[in-house]
Each structure stands twice: as structure tokens, then as C-alpha cells.
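Enquirer: Model the structure of this input:
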Amino acid sequence: MSSDSYSTGTLIYEVNLSVPREKADEYIDWLRGFTKTQVRTIPGFISSVVFRQPKPYGLHWLSEEGDAKTYMTVHYVIASQEDLDEYLKTSQPEVASAEQERFEFLVTSRRTMSVV
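Expert: Numbering: from 1, shown residues only. Coordinates of the predicted model:
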């Protein structure tokens, strides 16, 4: 699904991440494969896109990090709210724990959006 073909009601699960700058390239390589695996193996996950973003401004707790971090955003297209709820209940805590341990990243936010 391309970004210009989202229809009304398309559900996007967004995850915003920061990772220590010295681990950024390794993390991005890992994240690309990880998100593709999520889409292949988790019911209701349709597609994913990984973005690298500039340092977020105006977010006080992030602005204090200086240039020590690299920031990324992942958008997952999810088939239904039920599929997302099941993932959040059963798989997400384990995924977050494994990433934290390996890469020492900080999840800055998660949110759900739907196309209007």
C-alpha cells in the first residue's frame, strides 16, 4: 500500500523512537528487517514505513538530549483496531523490552491515527 492510496478509515499505528547516535546505523538496519517481519507475522499488520527524522523541537524532554540521539518514526498500517489491540496486549511489551535491552533506545511516543 503506498502512502497516496490510504482510504478513509485506514488505521496507522505510529511509534516514535530515539536511539544513541553511535548505534543509529545498526538500529536502522535492524529496524527495517524487524518491521518487515512484523508485517509478515502479526495478524492485521498490512505494511510499514520507517522514517528518519531531524531532532524534534519543542518537546522539552527530547530537546535536552542535544545531539546525542538519532530519531526515527515507524508507521504501521493495521487492518483493524481489534488487530492493534491484540498486538498491544500480547506482543508489544516483549518487543519493547527486547529493543530496550539491545539498543538502549527510548520510545518517545506511540499513537494511533486514522485517515479522514
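
Enquirer: Contacts for the longest helix anywhere in the chain, please.
Expert: Longest helix in the chain, counting residues (DSSP state H): helix 24-41. With C-beta atoms under 8 Å, 6 or more residues apart in numbering as the test, helix 24-41 has contacts from 17, 19, 45-48, 50, 52, 70, 72, 74, 76, 103, 105. Backbone N, C-alpha and C define where each C-beta goes, glycine included.

Enquirer: Distance check, Y13 against V116.
Expert: Distance, Y13 to V116, by C-beta to C-beta, to the nearest Å: 16 Å.

Enquirer: no no, V77
Expert: From V77 to V116 the distance is 15 Å (C-beta to C-beta).

Enquirer: the more surrounded of those two?
Expert: Between V77 and V116, counted using other C-beta atoms under 10 Å, V77 has the larger neighbour count: 19 against 6.

Enquirer: shouldn't the more buried one be in contact with T10?
Expert: Yes - between V77 and T10 there is a contact under C-beta atoms under 8 Å: 6.2 Å.

Enquirer: In terms of model confidence, name the weakest of the contacts of helix 24-41.
Expert: Least confident entry in those, by pLDDT: F105, with 66.

Enquirer: Which elements pack onto the host helix or strand of V49?
Expert: Using DSSP states H and E, V49 sits within strand 45-53. The contact analysis (3 or more C-beta pairs under 8 Å, 6 or more residues apart in numbering; DSSP states H and E) places strand 45-53 against helix 24-41, strand 69-78.

Enquirer: residues touching the closest residue to S114 other than its chain neighbours, list them.
Expert: Take S114 and drop its neighbours on the chain: the residue closest to it by C-beta to C-beta, 6 or more residues apart in numbering is L11, 5.2 Å away. Residues near L11 by C-beta under 8 Å, 6+ apart: 77-81, 84, 112-114.

Enquirer: From W30, how far out is L11?
Expert: As judged by C-beta to C-beta, L11 and W30 stand 25 Å apart.

Enquirer: Repeat that for P93.
Expert: To W30, P93 is 19 Å away according to C-beta to C-beta.
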